[in-house]
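Student: Sequence plus the predicted model coming up.
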Amino acid sequence: MSQDQISGVDSIIAEALNALAADPHVRQWQAKENNWVSYFASRYLVPRFRLGSPLSDAAQIGVEVSVPQTPQRGTRGVRKDTVIWSKAGMTCWGEGESACFHPLAILEWKVHRHGRRIRNRLIAEEREWLREYCEWQSDVVAYAIEVDGTEQPTIIRCFRFLGRDECEWLEAKCG
């Protein structure tokens, strides 16, 4: 993916996350992770797809779909919350046993709800996987999105991975 494509994906993801945070509906929403993923993808990600941009067709989005597993791990594919492909209808499975396709972007979510324990172990494991993947596939951009509903107002934090670079990329208060 070129630097322009990466910038385009970054811009769309940032706009969509900020719009999600501004949505009064999610201010004190006690939804589970899959609800956040679905709401974000359908309400805030799809409307930002435009012809001529790296994200031009809503069918580039996959929710709960597989991507190729990193070489360090044993399985052939692994499921991720939101995946954005370079073309509509793509999957990670190509022709032949060893063929596979890699996405433009991977978004992995964690939601911390009031009254529930924060799953730090899972967050650390997911970030490690995103690091491995982005080092292996240096032109794939990944985002670790955390929704912290234990704080008031709810806070959305996003960490971005590209190649060997990792940073806390976005933080927005809901409402």
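Tutor: Received it, and whenever you're ready, just let me know what you need. Keep in mind that this is a model prediction, so the values were computed, not measured.
Student: Beyond the longest helix anywhere in the chain, next helix or strand please.
Tutor: Secondary structure of the chain read by DSSP state H shows that its longest helix is helix 3-22. Per DSSP states H and E, the first helix or strand lying C-terminal to helix 3-22 is helix 33-39.
Student: Buried residues of the worst-scoring helix or strand of the chain on mean pLDDT, list them for me.
Tutor: Ranked by mean pLDDT, DSSP states H and E, the weakest helix or strand in the chain is helix 120-136, scoring a mean of 88. By 16 or more other C-beta atoms under 10 Å, the buried positions in helix 120-136 come out as 123, 126-127, 129-134. C-betas here are computed from N, CA, C, even on glycine.
Student: Stretch 159-175 now?
Tutor: For stretch 159-175, by 16+ other C-beta under 10 Å, it's 159-162, 166, 169-170, 172, 174.
Student: What is the nearest of those residues to residue 3?
Tutor: Closest approach between the buried residues of stretch 159-175 and residue 3, by C-beta to C-beta: residue 162, at 10.2 Å.
Student: residues contacting the closest one?
Tutor: By C-beta atoms under 8 Å, 6 or more residues apart in numbering, the residues touching residue 162 are 6, 134, 138, 140-142.
Student: Residue 109 too?
Tutor: Residue 109 makes contact with 33, 36-37, 81-82, 145-147, according to C-beta under 8 Å, 6+ apart.
Student: Report the two of the buried residues of stretch 159-175 separated the most.
Tutor: The distance between the two most remote of the buried residues of stretch 159-175 (C-beta to C-beta) is 26.0 Å, for 162 and 174.
Student: How confident was the prediction at residue 13?
Tutor: pLDDT for residue 13: 96.
Student: Could you find the closest non-adjacent residue to it?
Tutor: Of all residues not flanking residue 13 in the chain, residue 143 sits nearest, at 6.0 Å (C-beta to C-beta, 6 or more residues apart in numbering).
Student: What helices and strands are in contact with the longest helix of the chain?
Tutor: Applying 3 or more C-beta pairs under 8 Å, 6 or more residues apart in numbering; DSSP states H and E, we find helix 3-22 packed against strand 105-112, strand 141-148, strand 155-162, strand 165-173.
Student: Now do residue 108 against residue 135, distance only.
Tutor: Residue 108 sits 16 Å away from residue 135, going by C-beta to C-beta, to the nearest Å.
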